[in-house]
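# Sharing a model that was predicted from the sequence below.
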2 protein chains.
Amino acid sequence: MSNDAATARLAFEVVKTACSNCNLRELCLPIGLEADELKKLDELVSTRRRLKRGDHLYRAGQTFESIYAIRSGFFKTDVLIEDGRDQVTGFQMTGELLGLDGISSELHTCNAIALEDSEVCAIPFSHLEGLSREIHTLQHHFHKVMSREIVRDHGVMMLLGTMRAEERLAAFLLNLSQRFKARGYSPAEFNLRMSRDEIGSYLGLKLETVSRAFSRFQEEGLLAVHQRKVRILNTAGLRKLMTHQRG
Amino acid sequence: MSNDAATARLAFEVVKTACSNCNLRELCLPIGLEADELKKLDELVSTRRRLKRGDHLYRAGQTFESIYAIRSGFFKTDVLIEDGRDQVTGFQMTGELLGLDGISSELHTCNAIALEDSEVCAIPFSHLEGLSREIHTLQHHFHKVMSREIVRDHGVMMLLGTMRAEERLAAFLLNLSQRFKARGYSPAEFNLRMSRDEIGSYLGLKLETVSRAFSRFQEEGLLAVHQRKVRILNTAGLRKLMTHQRG
DNA sequence: ACCTTGGGTTGACGTGGATCAAACGCAGGG
DNA sequence: CCCTGCGTTTGATCCACGTCAACCCAAGGT
């Protein structure tokens, strides 16, 4: 197996645990890195981990050591408080990072659970900090990723604070659609990996309300739903509904 | 004015625009830095800016260049979307950082508005990245600050998604109380810097609902409210109410 | 084929908070 | 002193969503 920088760019390399031949490198941490920098990142991303549907990647309270890049699969994160209430704080897919919330207290503050069989790359955080002191591009990109998470959360706060049920679901579906599209999948037709209950938890709604909203969208011809299979028939309609003034 | 490292620790220095003699240095970015590192940070925090109540520190859409540390005063941040809806995404006080959301897109994604006459230190972000490549402690601390913001946002999502009106207000007041305490002010008695409407926007409630919840707390002897002056009479009661199971 | 199980749908009804509306009270200005 | 205006309080009514409950449907086991 050749180690020189030039070959790292080739698409036909043997498959191994490395960013340099991961087809997500334009979506994940390596964005914008040169071949030699990519090689350094390869050394850092030492371990891979496979999870089966339902497995925890980490749990709230565990000590934080690594962040995780999703190589394949689908996750949810949730927090739960003493009195039993819980809330899904996000759904993560291929190329996205998990665990950023753990940096602040050196403890994970939420649970990360695989919603389908998945594979992640573990990135020891202290190594990442070390490397990002060397590679400006990596440092800056990492900061952008953290910042993007903050912006995303503000969007969810907006949704939870000001939108009504159907607007929330429309926003949710459009967001999923757009993320599938960015990964080369159909933006119009996809399988939901999560239950109505989990969607409801994320959107601050009860599962019955989510179910009714789905039915309503179907009646209005905005989409076709069968169980977890969704086909968007009228994106513009959904978008309009989402942005629509209340009343 | 002496420039050597030793004097930077002295409390009786002449007042100048520098982290080394800012009494917030245990609350703000400089946490844990050595005197010589502190001096480097001083050079970076070049400009100060004074704002009068109501002034914008920055607006959504402006290009992002600096983050801001609040030296004195009180701010709110809000986002607004095309259809006219808006939401307060946070209230920031002394020692807290503003502008982290702008890193991702190099544009500010929200408005930051002073709720009282305030003063901030502008920290050019590219300089901060440069310096945090030199100073591990600074780098790590900055990452923790960003991560803490994410955790805070998850808390707000939880609040908006699962709590009822009175629980939300109780959580809000306890949070303010704790932050005032951390700054050496009374945790039991303080002035709200924001209107009922702004509280409502932050908590996903209408101002009337906020007002009613205040009245109810007062009736129940949990606190004394007069206009924006709040005195907490029963912290435990508030905490219990907040954590209380619905029903 | 049958049963079981767990998610999903649908209906009837209740309620927390929104909405609409009026009045209050404090601050600034003439 | 009164006027004016804005933020706040309080009351009456409404409605979106939650709650409770029945039922459906697909998948897996026997």
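That came through fine. Residues are numbered from 1 along each chain as shown, chains lettered A, B, ... in the order given.
# which parts of stretch A:152-170 are buried?
A:152-163, A:165-170 (16 or more other Cβ atoms under 10 Å in any protein chain shown). C-beta here means a position set from N, CA and C on the backbone, and glycine is covered the same way.
# what ranges of chain A fall below the confidence cut-off?
Counting by pLDDT under 70, chain A contains low-confidence ranges at A:1-17, A:46, A:245-247.
# Can you show me the helices along it?
For chain A, helices defined by DSSP state H occupy the ranges A:35-44, A:125-134, A:136-162, A:165-182, A:196-203, A:207-219, A:235-243.
# coming back round to it: of the buried residues of stretch A:152-170, list those near DNA strand D.
Filtering these for neighbours of DNA strand D using Cβ under 7 Å from any atom of the strand leaves A:Ala165, A:Glu166.
# Who are the contact partners of the spatially most central residue of chain A?
Centre of chain A computed as the mean C-alpha position; nearest residue by Cα atoms, centre = their mean is A:Gln92, 2.1 Å away. When contacts are counted by Cβ atoms under 8 Å, 6 or more residues apart in numbering or on different chains, A:Gln92 touches A:Ile70, A:Phe74, A:Phe75, A:Lys76, A:Thr77, A:Leu98, A:Ala112.
# cool, and A:Ala182?
By Cβ under 8 Å, 6+ apart, the contact list for A:Ala182 reads A:Leu27.
# thinking again about what came up before, got the helices of chain A as CSV, with distance to B:Pro30 columns?
Below are the helices of chain A laid out as CSV (distance: least, Cβ to Cβ, whole Å):
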stretch, distance to B:Pro30
helix A:35-44, 29
helix A:125-134, 18
helix A:136-162, 19
helix A:165-182, 38
helix A:196-203, 38
helix A:207-219, 47
helix A:235-243, 43
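# can you tell which of those helices is closest to B:Gly61?
Smallest distance to B:Gly61 across these (Cβ to Cβ): 13.4 Å, for helix A:136-162.
# Give me the angle between that closest one and helix A:235-243.
If you take axes from the mean of the first three to the mean of the last three Cα atoms, to 10 degrees, helix A:136-162 sits at 70 degrees to helix A:235-243.
# what does chain A put close to DNA strand C?
Within chain A, the positions near DNA strand C by Cβ under 7 Å from any atom of the strand are A:195-197, A:207-208, A:210-212, A:214-215, A:225, A:227-228, A:246-247.
# can we see that at 6 Å?
With Cβ under 6 Å from any atom of the strand as the criterion, chain A comes near DNA strand C at residues A:195-197, A:207-208, A:211-212, A:214-215, A:225, A:227-228, A:246.
# Mind checking which of those are buried?
A:Arg196, A:Ser211, A:Phe214, A:Val225.
# In JSON lines, list these along with distance to chain B.
Output for these, formatted as JSON lines (distance: Cβ to the nearest Cβ, whole Å):
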{"residue": "A:Arg196", "distance to chain B": "15"}
{"residue": "A:Ser211", "distance to chain B": "18"}
{"residue": "A:Phe214", "distance to chain B": "19"}
{"residue": "A:Val225", "distance to chain B": "23"}
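# residues in contact with the closest residue to A:Asn234 other than its chain neighbours?
Take A:Asn234 and drop its neighbours on the chain: the residue closest to it by Cβ to Cβ, 6 or more residues apart in numbering or on different chains is A:Leu222, 4.8 Å away. Residues in contact with A:Leu222 (Cβ under 8 Å, 6+ apart) are A:Ile232, A:Leu233, A:Asn234, A:Gly237, A:Leu238, A:Leu241.
# and what of A:Ser215?
Contact analysis of A:Ser215 by Cβ under 8 Å, 6+ apart lists A:Val225.
# So it versus A:Leu169, what's the distance?
11 Å (Cβ to Cβ, to the nearest Å).
# Any residues of chain A in contact with DNA strand D? List them.
Checking chain A against DNA strand D by Cβ under 6 Å from any atom of the strand, the hits are A:Arg164, A:Ala165, A:Leu205, A:Lys206, A:Glu208, A:Thr209.
# number of nearby residues for the fourth one?
Which is A:Lys206. 14 (other Cβ atoms under 10 Å in any protein chain shown).
# That one contacts A:Gly200, correct?
Yes: with contact defined as Cβ atoms under 8 Å, A:Lys206 reaches A:Gly200; the gap is 5.5 Å.
# Could you pull up the contacting residues of the nearest residue to A:Gly221 once chain neighbours are set aside?
Spatial nearest neighbour of A:Gly221, excluding adjacent residues (Cβ to Cβ, 6+ apart): A:Leu233 at 6.0 Å. For A:Leu233, the contacting residues are A:Ala188, A:Gly221, A:Leu222, A:Leu223, A:Ala224, by Cβ under 8 Å, 6+ apart.
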